[in-house]
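In: I need the structure of the sequence given here:
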Amino acid sequence: MDKPPTNSIDTISRTCIAVRLRLLNRVVTNFYDDALRPLRLKVSQLNILIVTARLGLARPAQVCEILQLDASTLSRNVKPLQAHGWLEVVPDEDARAQPFRLTPQGKRLIEKAVPAWEEAQRQAGELLGEEGITLLDKAAKKLRQARAEG
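Out: Coordinates of the predicted model:
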């Protein structure tokens, strides 16, 4: 098999946006996951709890849309939250929909998580700097607009 030209390999290795975003995502996610670990919580799960708290009664399709998750990822993250008693399924006419809501224990967990989240937020802010946060906000705004239009 022929090898790709070295200049293509160099270009991709130096400039691939996806690779750099994934690296940044892993580093920042680790700040949050490390801070939340004593609470037996991951930042992905905290985000589900927060969205659920805001919605009151969360339908899986809504949560998937808001957090841009596929149904299996949401399900995989919701199961331990239910097992810990932080979320509860609410009976519905459509048994497949399985809406859920935050329990009182879930509300308390969010309150307990705030200092850990704040520390991770500080670390992420320190890494990104004001300029990086501003660029991230602009990119997120563009994504929201694109989703609203499409």
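In: same for the helix or strand containing residue 127, what does it pack against?
Out: Assigned by DSSP states H and E, residue 127 belongs to helix 104-149. Judged by 3 or more Cβ pairs under 8 Å, 6 or more residues apart in numbering; DSSP states H and E, helix 104-149 is in contact with helix 17-36, helix 43-55. Using the backbone N, CA and C atoms, a C-beta is placed for each residue, glycine as well.
In: how far is the longest one from where the chain is centred?
Out: So that's helix 17-36. Relative to the centre of its chain, helix 17-36 is centred 11 Å away, using Cα atoms, centre = their mean, to the nearest Å.
In: please apply the same query to the last one.
Out: Computed by Cα atoms, centre = their mean, the chain-centroid distance of helix 43-55 equals 9 Å.
In: quick one, that helix and helix 104-149 angle?
Out: Between helix 43-55 and helix 104-149, the angle comes out at 90 degrees (axes from the mean of the first three to the mean of the last three Cα atoms, to 10 degrees).
In: hmm, who's touching helix 43-55?
Out: Under the contact criterion Cβ atoms under 8 Å, 6 or more residues apart in numbering, helix 43-55 has outside partners 29, 32-33, 36, 58, 62-63, 66-67, 74, 77-78, 80-81, 86-87, 100-102, 106-107, 109-110, 113, 117, 120.
In: picking that back up, tabulate the helices and strands packed on helix 104-149 in a markdown table, adding columns for distance to residue 5 and mean neighbour count.
Out: Shown next, in a markdown table, are those (distance: least, Cβ to Cβ, whole Å; neighbours: other Cβ atoms under 10 Å):
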| stretch | distance to residue 5 | mean neighbour count |
| --- | --- | --- |
| helix 17-36 | 19 | 14 |
| helix 43-55 | 39 | 19 |
